[in-house]
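Asks: I would like to see how this sequence folds:
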Amino acid sequence: MSPIISPDTGRPQRLPPGQSLTRKWPVLDAHGAPAIDPGKWRLSVEGLVHQPVELTWNEFEALPRVQVFADFHCVTRWSRLDNLWEGVAVSTLLGLAGGARPEAAFVLAHGYDYGWTTNLPLDQAVAEDALVAISHDGEPLTAEHGGPARLIVPRLYAWKSAKWLSRIELIAEDRAGFWERNGYHMLGDPWREQRFGWG
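Replies: Residues are numbered from 1 along each chain as shown. Predicted structure coming up:
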């Protein structure tokens with residue numbers, strides 16, 4: 001399988017403003033990893049789609065896979081370059097749900113952790129390098145890093161790549177998620193240092 005190369009990896013300078021390079025993968029979250037029973041795990045794609053769908057773990061694992069080679073930038077100012085993610089493209093999941101309805105413009109990603117959510121524009125969610133990842137650098141995602149499955153949106157700060165993903169909801173109007181309600185930027189473009197506020 002040939003990986004999709006995220007466009008930002010082709011930049012002459014791959015480190016966004018204000019970031020520091022790390023080879024480690026720091027663990028950051030609001031409340032710690034939730035306990036997720038694989039037998040009860042579900043991922044739903046709903047909201048402004050033509051045919052809402054809910055997948056079991058076995059159904060999700062049977063879907064076509066993609067690999068994405070991308071950098072990973074945290075709002076707390078560290079960046080980890082050259083990550084290889086593997087999972088299911090978000091665009092594939094939306095296709096299973098019959099595609100987006102015309103009025104859909106944003107995504108609200110929901111996690112299994114205490115009602116956590118984050119928002120992002122639909123075009124970012126369906127970009128070629130956006131996926132629901134189940135492995136990182138050839139190893140299954142551990143719970144501390146969002147396993148069994150997390151959203152990966154390489155072109156935005158890492159908090160937009162929701163850990164422990166449970167639901168992808170398409171909406172018409174932008175709606176702040178957990179960190180956005182607590183002062184983080186509504187978009188979160190690392191190249192424009194959109195860390196806090198509307199900027």
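
Asks: okay, CA-based contacts and neighbour counts for the rest of this
Replies: Fine.

Asks: buried stuff in the lengthiest helix in the chain?
Replies: Longest helix of the chain, by residue count under DSSP state H: helix 90-96. Residues of helix 90-96 classed as buried: Val90, Ser91, Thr92, Leu93, Leu94, Leu96 (neighbour count, 16 or more other C-alpha atoms under 10 Å).

Asks: Need the pLDDT of Asp41.
Replies: To be clear, residue 41 is Trp; Asp isn't right here. The model reports Trp41 with a pLDDT of 96.

Asks: tell me the contacts of Pro17?
Replies: Contacts for Pro17 (C-alpha atoms under 8 Å, 6 or more residues apart in numbering) come out as Pro190, Trp191, Arg192, Glu193.

Asks: Contacts only, for the closest residue in space to Ala143 that isn't next to it in sequence.
Replies: Spatial nearest neighbour of Ala143, excluding adjacent residues (C-alpha to C-alpha, 6 or more residues apart in numbering): Ala33 at 6.0 Å. Ala33 is in contact with Asp113, Ala143, Glu144, Gly146, counting by C-alpha under 8 Å, 6+ apart.

Asks: can you do 10 Å?
Replies: Ala33 sits next to Tyr112, Asp113, Tyr114, Thr142, Ala143, Glu144, His145, Gly146, Gly147, Lys163, Trp164 when contact means C-alpha atoms under 10 Å, 6 or more residues apart in numbering.

Asks: Helices of this structure, start to end?
Replies: 57-61, 90-96, 122-125, 178-181.
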